[in-house]
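> okay, sequence plus prediction incoming.
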Amino acid sequence: MKNFIKLEDLTNFNETLSQAIDLKKNITKYSALGKGKTLGMLFFNPSLRTRLSTQKAANSLGVHSMIMNFSNEAWALEFENGTRMTGIRSEHIKEAAGVVSQYFDMVAIRAFASLTNKEKDEAEIVLNSFSKYATIPIINMESATAHPLQALADAITLTEHRTPHRPKIVLTWAPHPKALPHAVGNSFTKMMKNIDAEFIIANPEGYALNPEITKGVKIYTNQDKAIEGADFVYAKSWCSYEQYGQILRTDDKWMITPKKMKLTNNAKFMHCLPVRRNVVVADSVLDNPNSLVIKQSENRIYAAQAVLKEILENG
Amino acid sequence: MKNFIKLEDLTNFNETLSQAIDLKKNITKYSALGKGKTLGMLFFNPSLRTRLSTQKAANSLGVHSMIMNFSNEAWALEFENGTRMTGIRSEHIKEAAGVVSQYFDMVAIRAFASLTNKEKDEAEIVLNSFSKYATIPIINMESATAHPLQALADAITLTEHRTPHRPKIVLTWAPHPKALPHAVGNSFTKMMKNIDAEFIIANPEGYALNPEITKGVKIYTNQDKAIEGADFVYAKSWCSYEQYGQILRTDDKWMITPKKMKLTNNAKFMHCLPVRRNVVVADSVLDNPNSLVIKQSENRIYAAQAVLKEILENG
Amino acid sequence: MKNFIKLEDLTNFNETLSQAIDLKKNITKYSALGKGKTLGMLFFNPSLRTRLSTQKAANSLGVHSMIMNFSNEAWALEFENGTRMTGIRSEHIKEAAGVVSQYFDMVAIRAFASLTNKEKDEAEIVLNSFSKYATIPIINMESATAHPLQALADAITLTEHRTPHRPKIVLTWAPHPKALPHAVGNSFTKMMKNIDAEFIIANPEGYALNPEITKGVKIYTNQDKAIEGADFVYAKSWCSYEQYGQILRTDDKWMITPKKMKLTNNAKFMHCLPVRRNVVVADSVLDNPNSLVIKQSENRIYAAQAVLKEILENG
């Protein structure tokens, strides 16, 4: 693996998953592997878990990380080719990517969806431009359409809480006051292709994810029916994909409540965080021992570490 | 000691003070103690001394520090329980504290007083919420009502400049164009209970600190009389506590001038910095060799190091 | 050398240049030199190359670097003496410089020109105030009138691409939508005194650099004539020095195009970056193998490393 831009970049998903679970037992096992190596972490958007877990993962591998908040610490970047750069953007991605390739051995990038222009978002302008012009491996710390480090962490969490039987796992849309990207939903769906489970997506009419990504997955528009007997309920909000970027409903009928959880098989509750309490999910569901959200955040460390390790070894 | 939220958290003030003074002689003596450990430093407010001295202290102990400016790098936090999170706050402190506990071994937090709501400030919402929901030790890098790292550094400075006789030490209010918190005044007052000295607080009418904290301390409303014969004059501005958050006077009668210093016993001048020149104190007092302000800032390193060391050893 | 505020601070330019070129062959050769030392990096302006290359250079020498974005992380600084600090500036440079001297072994500072007040800019208020009040070495990461780390990196790049004959090197003004400082032009000009070459500056009427700096240098106001037969074309925009801070023309006649490059002796193209494509220089010139801009940015690492090494060794 050279880049980790999407989940499919992993040479062997199950091997990486095993590696991550192994690393959790001994986080400093490979602390000499990254000696003298540097990881650049470039943020175009806020970050808590991704920032801290990736930094911790790098540090555990002996990698020196350098963080840059591009929006306020460096120069505004131009991503279009051929333009006369007379506006506010004072540096072109060609130079920026070329330059950071001189300073880092690997570069991790966070650049969210605009949610205003579907084509541009799907073109993954920021990540793909870095990938095109940089000469070093690129790691996705959540892009417009994917969040593979989260999906890998979720796979660790699912594996750790394996049921004796083939589990029923439901990814359900949830309400939210802001239009949110599809990245987590997309990557979780792709990741599930690697897990032996009955996988169902539940979303209201108008909130279907990109059909190319959900192809072959059972989709319910009745949340109660979807989560009936579920072993895992993964809640996540996203805006409409079809009416791109729109919020189509503001009611709380899809909020995950204790009453809804009673329909499940004593399901574990999952969410990638940050989560809006009593909007996406009721307090008592989050505060219940069945909630795995903090464990998911912990596993972000080992997901990042497994990915960085693989890149270091192949580099 | 698990947490260092307030000065009283120290198991034995004098032992920590001695430890700090020892560390100053050999800052790298315990450079292996913190190997593999991480300190999270979370800032909700600006910081120069606290940020740099704590980072340096951590590094000297072999601890890897990760800094996050919460206000612009992460998500706005909700601290109230039971609310429907439909506003701008997208992450609840329960999750934030739980999550950072996965990434750090200790977490240091700076969160100033609002100065608009006395009850909320005294409840120390930010620090106490982290303390309640985190599973790792918490270190106070200045909260709404306390700045114990500053007070410990001040104790080091006072000890280093010990007079042959029992000293007279005066904490005096000083003018300032902005309403400032009581944290430094409170913690210095509490710290003085451990120092053998005649301790006096001077403040104008209406500017008394929280009477629960100053109980038993002589308070003068005549600055000249208070500082007469003083060996140490510690100037600090704060807003009114009784008329919470208010500035009651804007004259410069309480500014520390050379003339005022002539009333003292050739007193050393102290201030926690940052200080407004020719508002809080005249240029010539600050530029006089009797000013200890830079030494105080240096001692912030050893105060932080002693505290981190104690937490690491008990952890 | 104590401070590296301007190029002339180097004890021996050629020795530092050789050292930098040597370090490039083995970046970790002196990785023990800076053990236990800290470098403070204080930014009053944005930075990409300078920030990352200096951090990497420090790390390669075993130096721990601490970064502070002064504008939003610390307190607004007052640089005037004798003022009553009643405004928004809450800390005086005297204290700030004194304090950082306690925490760092060396401090690197970036503080751009205002371009509104020539006298103040030429007084280099920020850098010289730090230099005056700090007790540790100061490193210039681009000040109002100089960018010596860039000039040293440029000298490395010129040396690496040495021609068999004595080269003709042209520094040419270029168009730009914003008023830009003279720092890079000034330092490149000064640096060229150390290089055996025919050195020419080209700029339109009204855009002459500070005549004290360009004394003895041939200046052309005809760009075509200047670059005729050139081996190196270094493009850089700056605002008018005489009509200080003004933009006198907005046409693109001085943009470096393939047609212009045809006048040269197959010249290498240089620029310090960030560069506005199709404003300062045409895409096809930047994308041509003769462009050295990425190599220049790489050499920033070794320029910074040579400077830090020299300061560490003399410290």
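Alright, I've got the coordinates.
> helices or strands up against the longest helix along chain A?
For chain A, the longest helix by residue count, based on DSSP state H, is helix A:293-314. Applying 3 or more C-beta pairs under 8 Å, 6 or more residues apart in numbering or on different chains; DSSP states H and E, we find helix A:293-314 packed against helix A:13-25, helix A:49-60, strand A:106-110, strand A:138-140, helix A:148-160, strand A:268-270, helix B:93-103. Yep, even glycine has a C-beta here, placed from its N, CA and C like the rest.
> just the CA trace of it, in CSV.
Taking C-alpha atoms only, helix A:293-314 is exported to CSV below (Å, rounded to 0.1, in the frame of the first residue of the first chain):
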residue,chain,number,x,y,z
VAL,A,293,-18.7,5.2,21.4
ILE,A,294,-15.7,5.8,23.6
LYS,A,295,-14.2,2.4,22.7
GLN,A,296,-14.6,3.4,19.0
SER,A,297,-12.6,6.6,19.7
GLU,A,298,-9.9,4.6,21.4
ASN,A,299,-9.6,2.2,18.4
ARG,A,300,-8.9,5.2,16.2
ILE,A,301,-5.3,5.0,17.6
TYR,A,302,-4.8,1.4,16.5
ALA,A,303,-6.4,1.9,13.1
ALA,A,304,-4.1,4.8,12.5
GLN,A,305,-1.1,2.9,13.8
ALA,A,306,-1.8,-0.1,11.6
VAL,A,307,-2.1,2.1,8.5
LEU,A,308,1.0,4.1,9.3
LYS,A,309,3.0,0.9,10.0
GLU,A,310,2.0,-0.6,6.7
ILE,A,311,3.0,2.5,4.8
LEU,A,312,6.3,2.7,6.6
GLU,A,313,7.1,-0.9,5.9
ASN,A,314,6.3,-0.6,2.2
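> quick one: mean pLDDT for it?
Mean pLDDT, computed over helix A:293-314, is 97.
> ok, now stretch A:245-259?
Computed over stretch A:245-259, the average pLDDT equals 97.
> can you get me the start-to-end distance on that stretch?
Taking C-alpha to C-alpha, to the nearest Å, stretch A:245-259 runs 30 Å from one end to the other.
> over to stretch A:156-168?
OK, stretch A:156-168 end separation, C-alpha to C-alpha: 16 Å.
> what about that stretch, near chain B?
No: judged by C-beta under 8 Å from any C-beta of the partner chain, stretch A:156-168 stays clear of chain B, getting no closer than 12.2 Å.
> ok, residues contacting that stretch?
A:17, A:20-21, A:24, A:169, A:195-198, A:200, A:229-232, A:265, A:268, A:270, A:292, A:295-296, A:299, A:302-303 (C-beta atoms under 8 Å, 6 or more residues apart in numbering or on different chains).
> rewinding a little: let me have the helices and strands packed on helix A:293-314 in JSON lines, adding mean neighbour count and mean pLDDT as columns.
Shown next, in JSON lines, are those (neighbours: other C-beta atoms under 10 Å in any protein chain shown; pLDDT from 0 to 100):
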{"stretch": "helix A:13-25", "mean neighbour count": "17", "mean pLDDT": "98"}
{"stretch": "helix A:49-60", "mean neighbour count": "25", "mean pLDDT": "97"}
{"stretch": "strand A:106-110", "mean neighbour count": "25", "mean pLDDT": "98"}
{"stretch": "strand A:138-140", "mean neighbour count": "25", "mean pLDDT": "98"}
{"stretch": "helix A:148-160", "mean neighbour count": "24", "mean pLDDT": "98"}
{"stretch": "strand A:268-270", "mean neighbour count": "23", "mean pLDDT": "98"}
{"stretch": "helix B:93-103", "mean neighbour count": "23", "mean pLDDT": "97"}
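> quick one on the thing from earlier: among the contacts of stretch A:156-168, which ones are buried?
By neighbour count, with 16 or more other C-beta atoms under 10 Å in any protein chain shown, the contacts of stretch A:156-168 hold A:17, A:20-21, A:24, A:169, A:195, A:197, A:200, A:230-232, A:268, A:270, A:292, A:295-296, A:299, A:302-303 as buried.
> what parts of chain A come near chain C?
Residues of chain A that fall close to chain C, judged by C-beta under 8 Å from any C-beta: A:36, A:38, A:40, A:64, A:66, A:68, A:72-75, A:78, A:81-87, A:90-92, A:94-96, A:98-104.
> 6 Å - rerun?
When proximity is defined as C-beta under 6 Å from any C-beta of the partner chain, chain A approaches chain C at A:36, A:64, A:66, A:74-75, A:84-86, A:90-92, A:95, A:98-99, A:102-103.
> grab the nearest non-local neighbour of the closest residue to chain C within the stretch 151-300 of chain A.
Closest to chain C within the stretch 151-300 of chain A is A:Pro274: 22.5 Å, counting by C-beta to the nearest C-beta. Nearest residue to A:Pro274 in three dimensions, chain neighbours excluded: B:Glu91, at 3.6 Å (C-beta to C-beta, 6 or more residues apart in numbering or on different chains).
> tell me what that neighbour is bridged to.
Per DSSP bridges, the residues bridged to B:Glu91 are B:Leu77.
> what does A:Thr172 give?
According to DSSP bridges, the residues that bridge with A:Thr172 are A:Ala202, A:Ala235.
> relative to chain B, how far out is it?
For A:Thr172, the distance to chain B equals 18 Å [C-beta to the nearest C-beta, to the nearest Å].
> what sits against that residue?
Counting by C-beta atoms under 6 Å, 6 or more residues apart in numbering or on different chains, A:Thr172 touches A:Ala202, A:Gln223, A:Ala235.
> contacts only, for the first one.
By C-beta under 6 Å, 6+ apart, the contact list for A:Ala202 reads A:Val170, A:Thr172, A:Tyr220, A:Gln223, A:Ala226.
> any idea how far B:Thr116 is from it?
Distance of A:Ala202 to B:Thr116, computed by C-beta to C-beta, to the nearest Å: 44 Å.
> next: the second one.
Distance from A:Gln223 to B:Thr116, counting by C-beta to C-beta: 42 Å.
> higher neighbour count, those two?
Per other C-beta atoms under 10 Å in any protein chain shown, whichever of A:Gln223 and B:Thr116 has more neighbours is A:Gln223, with 23 against 10.
> ok, for that one, nearest residue in space, not its chain neighbours?
Counting by C-beta to C-beta, 6+ apart, the residue nearest A:Gln223 is A:Ala202, at 4.8 Å.
> A:Thr54 too?
A:Ala304 (4.6 Å).
> ok, now how distant is that neighbour from chain C?
20 Å.
> which residues does that residue contact?
A:Ser53, A:Thr54, A:Ala57, A:Leu149.
> cool, and A:Gln246?
Here A:Gln246 is in contact with A:Ser240 (C-beta under 6 Å, 6+ apart).
> same check, this time on A:Leu312
Counted by C-beta under 6 Å, 6+ apart, A:Leu312 has contacts A:Leu33, A:Gly34.
> tell me how far it lies from chain B.
A:Leu312 is 19 Å from chain B, by C-beta to the nearest C-beta.
> ditto for A:Gly185
Distance, A:Gly185 to chain B, by C-beta to the nearest C-beta: 17 Å.
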